[in-house]
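Undergrad: coordinates only, sequence not included:
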Ligand code: HEM
């Protein structure tokens, strides 16, 4: 079978190349080694499934961008999808009409909610002011950085989805949900997860604890989301065109599109529940983790913080609020955020797609249905584009003439038709939170010293939990 695919590492029976990915702590190195050994296109096996890995930017453009439709299919382990989602629903795991319609609808709602405009800016800045107040209330104490960003970013996404933020009263809810996400993220990289590639393993009790965890996590998430939907249903005014949040807009659209009896319902309760999971997970974890990584890199590179403060003093010069129209003037700040995203490199293995039609890659005829991976993490560690790729160096994003350098290979939001749909929101959050936080505070290591930069593998890379000090800046 392997002869039909581009050459790659030798897979072990049943397991494929999965263990080799886990062998290297951070999950990137195996892919970097394979790229060096086999070139930018090779075959990687996850259990019994071959994936054609594309690990060079130009090759990704030729495939995922130029022949975009062919690469929009989505790979999913049927058993895992059934256990966690109850079937093929939502955005992240669907293809065809369900995916297209829901992706379009979500992007439309994000626009209506003000992404890219003043409306969303004011919501993020409001969260920023709560965050700053929280820090000031800590007085001499150390701040838990990840939790601080979880509350701020979680509140932004929760406002969008359900219309409320995580205030003091709602915080236990966020903590409970976050603990579930963390558990699931960690378990997803457990070698036992491979059992889900082989549904028969459940009869041998292999991986059953992982299956039970999926059911348990799903139950708790579902209960939370169903509660939100029920509360919206009690209050909704279907005659009112404007909606205050995503759930309300979806429920109205569902009613508008009600399919005749016997026909497939696209806007359904199952899809709504799964989209809420998708947006809640994708919207919180990624952005909050990136912001936490940014602070961790800052604490390990004090000279970077000095440059940031020098630029803020020169360009802003007061403790006024920084807004999106300041972004182009803050070159070093942008470079710092770019480098934080590149080094955080959140997805060691990108979300897996499948081919929607037959294609030819490196002279091999690859049939529709085969797995394909746009391996963005390898591109962001490419030493030809980013010399000394493991070194944190924002200056690599600054031209000799002082302008911000556009580097095409910086692709943390992926590439092609399934590129991250929350990119606009994430970019606003990364800039507004980072710039305002650092304009108001100096970040200093806590008693334990600068945080570890060791990556904790999950679906996205997490930082080891750390605390630090925020010293108010004087003007
Ligand atoms: C720093 C923050 C973020 C990063 C680095 C990030 C990264 C990514 C990546 C790499 C993908 C995979 C694309 C692919 O399949 O090739 C993705 C997909 C996705 N992201 Fe994000 N993301 C971020 C923030 C967000 C936010 C804030 C939201 C929600 C508002 C979001 C929602 C989604 C969704 C729904 C998908 C699936 C899109 C589809 O399959 O069509 N993401 N993201």
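TA: Received, thanks. Keep in mind it's a predicted model, so treat the numbers as computed, not measured.

Undergrad: list the contacts of the closest residue to residue 418 other than its chain neighbours.
TA: Nearest residue to residue 418, sequence neighbours excluded (Cβ to Cβ, 6 or more residues apart in numbering): residue 72, at 5.8 Å. The C-beta positions use only the backbone N, C-alpha and C, and glycine is treated the same way. The neighbours of residue 72, taking Cβ atoms under 8 Å, 6 or more residues apart in numbering as the test, are 95, 99, 353, 356, 416-418.

Undergrad: tell me how far residue 72 lies from residue 43.
TA: Counting by Cβ to Cβ, to the nearest Å, the gap from residue 72 to residue 43 is 20 Å.

Undergrad: buried members of the contacts of residue 72 into PyMOL, please.
TA: In PyMOL, this line selects whichever of these come out buried by 16 or more other Cβ atoms under 10 Å:
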select buried, resi 95+99+353+356+416+418
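
Undergrad: near the ligand, which residues of the stretch 201-350 of the chain?
TA: 278-279, 282-283, 286-287, 290, 346-347, 350 (Cβ under 6 Å from any ligand atom).

Undergrad: what does stretch 7-24 rub up against?
TA: Applying Cβ under 8 Å, 6+ apart, the set of residues contacting stretch 7-24 from outside is 2, 27, 30-31, 34, 37-38, 42-49, 53, 189, 191, 194, 198, 348-349, 457.

Undergrad: go again using 10 Å as the cut-off
TA: For stretch 7-24, the surrounding residues in contact (Cβ atoms under 10 Å, 6 or more residues apart in numbering) are 1-2, 27-34, 37-39, 41-53, 189-191, 193-195, 197-198, 201, 348-349, 362, 364, 457.

Undergrad: centre of the chain to it, how far?
TA: 25 Å (Cα atoms, centre = their mean, to the nearest Å).

Undergrad: just stretch 81-96 next, same as before
TA: 18 Å.

Undergrad: and what of stretch 466-475?
TA: Counting by Cα atoms, centre = their mean, stretch 466-475 comes out at 27 Å from the chain centroid.

Undergrad: can you list the domains in this structure?
TA: 1-77+347-380, 88-345+381-472 (automatic domain parsing).

Undergrad: ends of the longest one, how far apart?
TA: Put plainly, it is domain 88-345+381-472. The straight-line separation of the ends of domain 88-345+381-472 (Cα to Cα, to the nearest Å) is 49 Å.

Undergrad: what mean pLDDT does it get?
TA: The average pLDDT for domain 88-345+381-472 rounds to 91.

Undergrad: next SSE downstream of the helix or strand containing residue 218?
TA: In the assignment (DSSP states H and E), residue 218 maps to helix 208-235. Under the assignment DSSP H and E, the closest C-terminal helix or strand after helix 208-235 is helix 246-256.

Undergrad: that following helix versus helix 208-235: what angle between them?
TA: Inter-element angle recorded for helix 246-256 and helix 208-235: 80 degrees (by axes from the mean of the first three to the mean of the last three Cα atoms, to 10 degrees).

Undergrad: what's helix 246-256 in contact with?
TA: Contacts for helix 246-256 (Cβ under 10 Å, 6+ apart): 101-102, 105-106, 108-110, 112-113, 157, 159-163, 225, 228-229, 231-233, 235-243, 265-269, 271-272, 275-276, 279.

Undergrad: helices along the stretch 51-200 of the chain, start to end?
TA: With DSSP state H, counting those that start in this stretch as the criterion, the stretch 51-200 of the chain has helices at 57-60, 78-85, 96-112, 118-137, 145-162, 171-188.

Undergrad: most tightly surrounded among those helices?
TA: helix 145-162 (a mean of 23; mean count of other Cβ atoms under 10 Å).

Undergrad: mind listing what residue 35 touches?
TA: 41-42, 53-56, 375, 378-379, 381-382.

Undergrad: change it to 7 Å
TA: 55, 378 (Cβ atoms under 7 Å, 6 or more residues apart in numbering).

Undergrad: and after whatever helix or strand it lives in, which helix or strand comes next?
TA: Using DSSP H and E, residue 35 falls within helix 29-38. Later in the chain than helix 29-38, the nearest helix or strand by DSSP H and E is strand 41-46.

Undergrad: got the contact list for that following strand?
TA: Residues from elsewhere that reach strand 41-46 (Cβ under 7 Å, 6+ apart): 5-9, 11, 16-18, 34, 50-54, 59, 197, 361-362.

Undergrad: and what of stretch 229-237?
TA: Here stretch 229-237 makes contact (Cβ under 7 Å, 6+ apart) with 247-248, 251, 272.

Undergrad: mind listing what's buried along that stretch?
TA: Buried-residue list, stretch 229-237, by 16+ other Cβ under 10 Å: 229, 232, 236.

Undergrad: likewise for stretch 270-280?
TA: The neighbour-count check on stretch 270-280 (16+ other Cβ under 10 Å) flags 271-280 as buried.

Undergrad: repeat that for stretch 419-432.
TA: For stretch 419-432, by 16+ other Cβ under 10 Å, it's 420-422, 424-432.

Undergrad: nearest to residue 152 among the residues you listed?
TA: The nearest member of these to residue 152, counting by Cβ to Cβ, is residue 429 at 8.2 Å.

Undergrad: contact partners for the closest one?
TA: By Cβ under 7 Å, 6+ apart, the contact set of residue 429 is 124, 153, 156, 287.
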